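Q: Fold the following, please.
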Amino acid sequence: MLPAERQKKILSWLQQEGHLKISDLSRRLQVSEMTVHRDVRVLVDQGRVVKTYGGISLASPPVDAPGRGSGTCAYCRRPVDDRLSMTANHTDGSVETYCCPHCALLACAQGPSQPRSLLGRDFLLGHTVGAAAGWYVMGADMPTLCCEPQALLFGERQDAERFVRGFGGEIFDFDEATREIQLRMNRPNTACCHQEAGRE
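A: Below you'll find the predicted structure:
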C-alpha cells in the first residue's frame, strides 16, 4: 500500500473514531510503527492531524473556517466553548458546530439525516473523540457550561465510570444518549437554552 493510501485510511478512521493509537494503526495497516510515524508526520505537517497523548486526533478547523458560522451553536445559537464543542461534518461538505454534547445529541435525534462524522472533545483529557464511539454522562452534580440537562463526552468508558463515582450521573453510549436526552427534555419543568433562544 502506498503512503498516500495509508494516510487516506488513517484520516477515514479518525473521522469515524476521533482518536487512534500508533500501535493500533500499525496493526491495522500491517506496517511498522516507524512507517506509521512517517505517515502521521505528513498529516501533521498538512495541519490535518494533531499528535495527542497516546496517539493522534483530527485537527480542529479554526473557529472562523467557512461553514462554522460566527462561533455560535448551530442548535441553540449560544456562544461555542471549544472545550465542550462538537463538530458535525455533513455529506454535502457543510460543517456545523454545537456548543456542547447536549445540543449535538438533540440535533442528531431531530435532524433529517446523520452527519458523515460528529467529533467532540473528551471532557477530562481534551483529545478528539468520535461521537459514535464515545460515552456520555448525564445527571452529574458538577456545574459546566453545557446546556441543561447536561451531557458530557468521554472517550473511554472507564474514565466516564471514574467521573460518575466522583460526581454522580449515568453513563450512556451514543444511541442511548440520543434517546435519553430527548426523554429528559420532555420531563415536566425542564428548561434549557433552547427555550431562552426561542426554540421549542
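
Q: what about the helices in this structure?
A: Secondary structure of the chain (DSSP state H): helices at 3-17, 22-29, 33-45, 101-110, 157-167, 174-185, 193-196.

Q: so which of these is the most packed in?
A: Among those, the stretch with the highest mean neighbour count (mean count of other Cβ atoms under 10 Å) is helix 101-110, at a mean of 24. The C-beta positions use only the backbone N, C-alpha and C, and glycine is treated the same way.

Q: which outside residues touch it?
A: Here helix 101-110 makes contact (Cβ atoms under 8 Å, 6 or more residues apart in numbering) with 73-76, 84, 86, 88, 96, 98, 114-115, 118, 120, 131, 136, 146-153, 177-179, 181-182, 185, 192-194.

Q: what do you get for stretch 150-158?
A: With Cβ under 8 Å, 6+ apart, stretch 150-158 has contacts from 18-19, 84, 86, 100-102, 105, 120-125, 127, 129, 131, 133-140, 144, 146, 160, 163, 169, 171, 177, 181.

Q: picking that back up, distance to residue 52 and mean pLDDT for the helices of the chain - can I get that in JSON lines?
A: Formatted as JSON lines, the helices of the chain follow (distance: least, Cβ to Cβ, whole Å; pLDDT from 0 to 100):
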{"stretch": "helix 3-17", "distance to residue 52": "11", "mean pLDDT": "87"}
{"stretch": "helix 22-29", "distance to residue 52": "11", "mean pLDDT": "92"}
{"stretch": "helix 33-45", "distance to residue 52": "11", "mean pLDDT": "88"}
{"stretch": "helix 101-110", "distance to residue 52": "19", "mean pLDDT": "90"}
{"stretch": "helix 157-167", "distance to residue 52": "14", "mean pLDDT": "94"}
{"stretch": "helix 174-185", "distance to residue 52": "21", "mean pLDDT": "90"}
{"stretch": "helix 193-196", "distance to residue 52": "30", "mean pLDDT": "48"}
